[in-house]
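[1] for reference, the sequence and a predicted model appear below.
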Amino acid sequence: MREKIVTGNWKMNYDESQTIDLLNNLKSIKKPNDIRVIVAPAFTQLSKSKELLNETSFSVAAQNMNGAISGAYTGEISADMLKGIGVNTVILGHSERRSLFHETDEILAEKVRVALDADMEVIFCFGEELEQRRSNIHLEVVEKQLKVALFDLPRLLWKNIILAYEPVWAIGTGETASPEQAQEMHSYIRSLLVLNYDEIIADSVAILYGGSVKPNNAKEIFSGTDVDGGLIGGASLNANDFMAIVNAF
Ligand code: PEP
């Protein structure tokens, strides 16, 4: 049985008191037991978030990490630093990291390996840009992103990978992939897992959809048989909206 997962990516939003308010609001709202909920606050709020979510079923992820073990990387955070504060999950490859911070598939391949070596769980984001979809090369684009970063991994490590398909044209734009477009891509991704690994891996890896998921469209998007949850940006900054999405499953 694949896990159902909803993750909130808070990006560079909320100071400590706003984070505390959001966490307390989240904790006060009921959620189904069979859905795993992960929140990804900014680095500076990770420890506080861990503390406040201790003994709840919410988990905490980092939004990024550096691919080096340690050393002269001013301003960067390593896998061991995250593990040291009890953060065992990291989002890698978000489109904003790719476009604003020039993270290539090759850089991400290295980051993924370092995170997995540190025994972390990786939420790996990927997805095509608008022009690529218009040119009808979205399937090839996604295949390449996965091939370079992930398809060399030994099958044993896939237990620590969550995939997040996020068409770049749908992130923060209010435009979402239709449920059919999401399901088509998710089913294609699963077929790539069969091709590069086997049915067992393909059936066990959770594939999340991200891109303008809101309370009013979540149910439809999550209805795809290969859609195992969502990675939520804007709507995760509001506890009621985020938990409405969680409860839309
Ligand atoms: C995201 O940034 O991963 C995302 C999906 O954002 P939004 O939900 O705001 O489109």
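    Right, received. Where do you want to start?
[2] use CA for all of it now, contacts and neighbours both
    Noted.
[3] and Asn136, how far from the ligand?
    For Asn136, the distance to the ligand equals 22 Å [CA to the nearest ligand atom, to the nearest Å].
[4] how about the residues of the chain near the ligand?
    Ala170, Ile171, Gly172, Gly210, Gly211, Ser212, Val213, Leu231, Ile232, Gly233, Gly234 (CA under 6 Å from any ligand atom).
[5] what's near enough to touch the first one?
    Remark: with contacts taken as CA atoms under 8 Å, 6 or more residues apart in numbering, Ala170 is in contact with Thr176, Ala177, Gly210, Gly211, Ser212.
[6] try it again with 6 Å
    By CA atoms under 6 Å, 6 or more residues apart in numbering, Ala170 lies in contact with Thr176, Gly211, Ser212.
[7] residues of the helix or strand bottoming out on mean pLDDT in the chain that come out buried?
    Ranked by mean pLDDT, DSSP states H and E, the weakest helix or strand in the chain is helix 130-134, scoring a mean of 95. Buried residues in helix 130-134, counted by 16 or more other CA atoms under 10 Å: Gln132, Arg133.
[8] same deal with stretch 181-194?
    Buried residues in stretch 181-194, counted by 16+ other CA under 10 Å: Ala182, Gln183, Glu184, Met185, His186, Ser187, Tyr188, Ile189, Arg190, Ser191, Leu192, Leu193.
[9] tell me which of those fall in helices.
    Cross-referencing those against helices under DSSP state H gives Ala182, Gln183, Glu184, Met185, His186, Ser187, Tyr188, Ile189, Arg190, Ser191, Leu192, Leu193.
[10] wait, which of those residues is closest to the ligand?
    The ligand has its nearest neighbour among those in Ala182, at 13.0 Å by CA to the nearest ligand atom.
[11] helices along this protein, start to end?
    Per DSSP H, the chain carries helices over the ranges 16-27, 46-53, 79-84, 95-100, 105-117, 130-134, 138-149, 179-196, 199-204, 218-222, 239-246.
[12] dump the ones you listed into CSV; add distance to Gly71 as well.
    CSV is the format used below for the helices of the chain (distance: least, CA to CA, whole Å):
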stretch, distance to Gly71
helix 16-27, 28
helix 46-53, 22
helix 79-84, 12
helix 95-100, 21
helix 105-117, 14
helix 130-134, 38
helix 138-149, 24
helix 179-196, 35
helix 199-204, 36
helix 218-222, 42
helix 239-246, 37
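[13] how about Glu16: what's its closest non-neighbour residue?
    Gln45 (6.3 Å; CA to CA, 6 or more residues apart in numbering).
[14] can you give me the neighbour number for that neighbour?
    Neighbour count for Gln45, taken as other CA atoms under 10 Å: 17.
[15] tell me the contacts of the residue lying farthest from the centre of the chain?
    Here the centre of the chain is the reference, and by CA atoms, centre = their mean the most remote residue is Ala72, at 27.9 Å. Counting by CA under 6 Å, 6+ apart, Ala72 touches no other residue.
[16] got a pLDDT number for it?
    pLDDT recorded at Ala72 is 98.
[17] of the contacts of Ala170, closest to Asn25?
    Nearest to Asn25 out of the contacts of Ala170 is Ser212 (CA to CA; 21.6 Å).
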